[in-house]
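> Next input, structure requested:
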Amino acid sequence: MLKKGKLKLPDRLGILVPGFEDKEEENGGSEPVFESGEELEIMEPNGVELGHKENEYEFDDLGVNDTVGDKVDAFRTRKRPDKNRSGQVSVMDVIAAEEKRSDLEHEFSQKEINLEKVKRIANKGVPDGGGLRATAWKLLLCYLSPSSDMWENELTENRQKYAKLKEELLLSPSAYTRVRADAMISAELSREGDVAGPLKRQGISHGDHPLSVGQASAWDHYFKHTEIAEQIDRDLQRTHSDMKFFSGESSFSKKNREAMRNILLLFAKLNPAICYVQGMNEVLAPILYVFSTDTDEQNALNAEADSFSCFVRLLSDSVDHFCQQLDNSPVGILSTLSRLAKLLKENDEELWKHLEFTTQVKPQFYAFRWITLLLSQEFNFPSILRIWDSLLSNPFGVQVPIIPINF
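You can find the predicted model right below:
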């Protein structure tokens, strides 16, 4: 049975997107992308147990004070009590969910996907099950093109690229050298018709030696990332520790943590200016969960590769917020927080005055984590998935529900 709840969006959500008020008129009375005061429907999946421990929805502080200044107290989220709901409302919700499911299944079966229609449906919540959310998120993050005929080739190509990156960057230099040597020997034997004979000895260059201290040495780069890998491992132990998918000593949870470790470490190596920042694990978690629980077996098996590409695409909208050197720049987190304060003043001056003057609570003390982690630590996990349906379907980017876009 589907377990449901409601999350109430602010009545002023629409005005956070410039020009939203006029969208309905411009579209000739068609349904707007965002509805003011919309209730978010939350459903826990039938097929996969989230594995929450009773009443344990508390998370550790992310340590964001290293970037924004003073100590930031840990924000905590708790499981909300279920609301009493009439049978009539429940039936209506089930009917609405089935209609959305039918609409999405029909859309995904087309040769050319109407991405705007997918966004409108996803904004109201993607029904659980059937791999609909996984497919929708891949489309919304532009990992899949609107042409469904190209999906198989696109997925194969991206998954092969990821496997190659892992081989080159995550294997130790000695292991990578052995892999290359084996490949060369195999190719040579194939060319020579598998004729038996003495194998050529593979030499080891100075840069490939573990004791090499040169900056160009492959081992030097490998050891420099050991500390980052240890930080990632510590953070992964705390990632949704109330869920069996991420936590525990089962082979299932270990496999999922290993996949997250690979993705985060690979991202750090490919982006040395940003590297790994505590909290990226929280942004990755919903993506890996959704893709790993896809009912399509082949997609579930390749969840790690697909998650990496979508994680990179998702962070591309807000990667500057993770770069400490850009904190005070126009694209840095402090500038974003300043725009948020301005937005709050325009829409709720009384609350803004209370925070700014009465309590003197600056935006970095309550909104830093909202923005950088896309609300992934403020709600229970089913609610996060539902909220992300709306965030990812926003035509102006995931930050717009909080921060307005300047045209």
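> can we go C-alpha only for contacts and neighbour counts from here?
Noted.
> Show the residue spans covered by the strands in the stretch 101-250 of the chain.
For the stretch 101-250 of the chain, applying DSSP state E, counting those that start in this stretch gives no strands.
> residue ranges with poor pLDDT in it?
Within the stretch 101-250 of the chain, the stretches with pLDDT under 70 are 172-223.
> Leu169 and Leu265 touch, don't they?
No: using Cα atoms under 8 Å, Leu169 makes no contact with Leu265, being 9.1 Å away.
> Out of those two, name the residue with the larger neighbour count.
Neighbours were counted for Leu169 and for Leu265 using other Cα atoms under 10 Å; Leu265 has more, 23 against 18.
> quick one: contacts for that one?
Leu170, Ile228, Ala229, Ile232, Tyr276 (Cα atoms under 8 Å, 6 or more residues apart in numbering).
> From Ile274, how far out is the nearest residue to the third one once chain neighbours are set aside?
Yep, that's Ala229 we're talking about. Spatially, and ignoring its direct neighbours in sequence, Ala229 is nearest to Leu265 (6.4 Å; Cα to Cα, 6 or more residues apart in numbering). Leu265 sits 12 Å away from Ile274, going by Cα to Cα, to the nearest Å.
> pLDDT wise, what is Ser383 at?
At Ser383, the model reports a pLDDT of 96.
> Can you classify it by secondary structure?
On the three-state scheme (DSSP: H, G, I helix; E, B strand; the rest coil), Ser383 is labelled helix.
> How many neighbouring residues does it have?
22.
> and the chain, what are its domains?
Here the domain parsing of the chain from automatic domain parsing is 1-84+323-407, 85-122, 131-179+221-316.
> Next, the distance between the ends of the last one.
To tie it back to what came earlier, the one meant is domain 131-179+221-316. Note: domain 131-179+221-316 ends 25 Å apart using Cα to Cα.
> quick revisit: helix, strand, or coil at the residue nearest to Ala229?
helix.
> any idea how far Leu141 is from it?
Distance from Leu265 to Leu141, by Cα to Cα: 21 Å.
> list the contacts for the closest residue in space to Pro395 that isn't next to it in sequence?
Spatial nearest neighbour of Pro395, excluding adjacent residues (Cα to Cα, 6+ apart): Lys119 at 7.8 Å. For Lys119, the contacting residues are Val33, Leu140, Ser393, Asn394, Pro395, by Cα under 8 Å, 6+ apart.
> Averaged pLDDT, stretch 90-97. What do you get?
88.
> Render the CA-only coordinates of that stretch in CSV, please.
Coordinates of each C-alpha in stretch 90-97 appear next as CSV, following Å, rounded to 0.1, in the frame of the first residue of the first chain:
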residue,chain,number,x,y,z
SER,A,90,-7.3,9.1,-0.8
VAL,A,91,-9.2,7.8,-3.7
MET,A,92,-8.8,11.1,-5.6
ASP,A,93,-5.0,11.0,-4.9
VAL,A,94,-4.8,7.5,-6.2
ILE,A,95,-6.7,8.4,-9.4
ALA,A,96,-4.5,11.4,-9.9
ALA,A,97,-1.3,9.3,-9.5
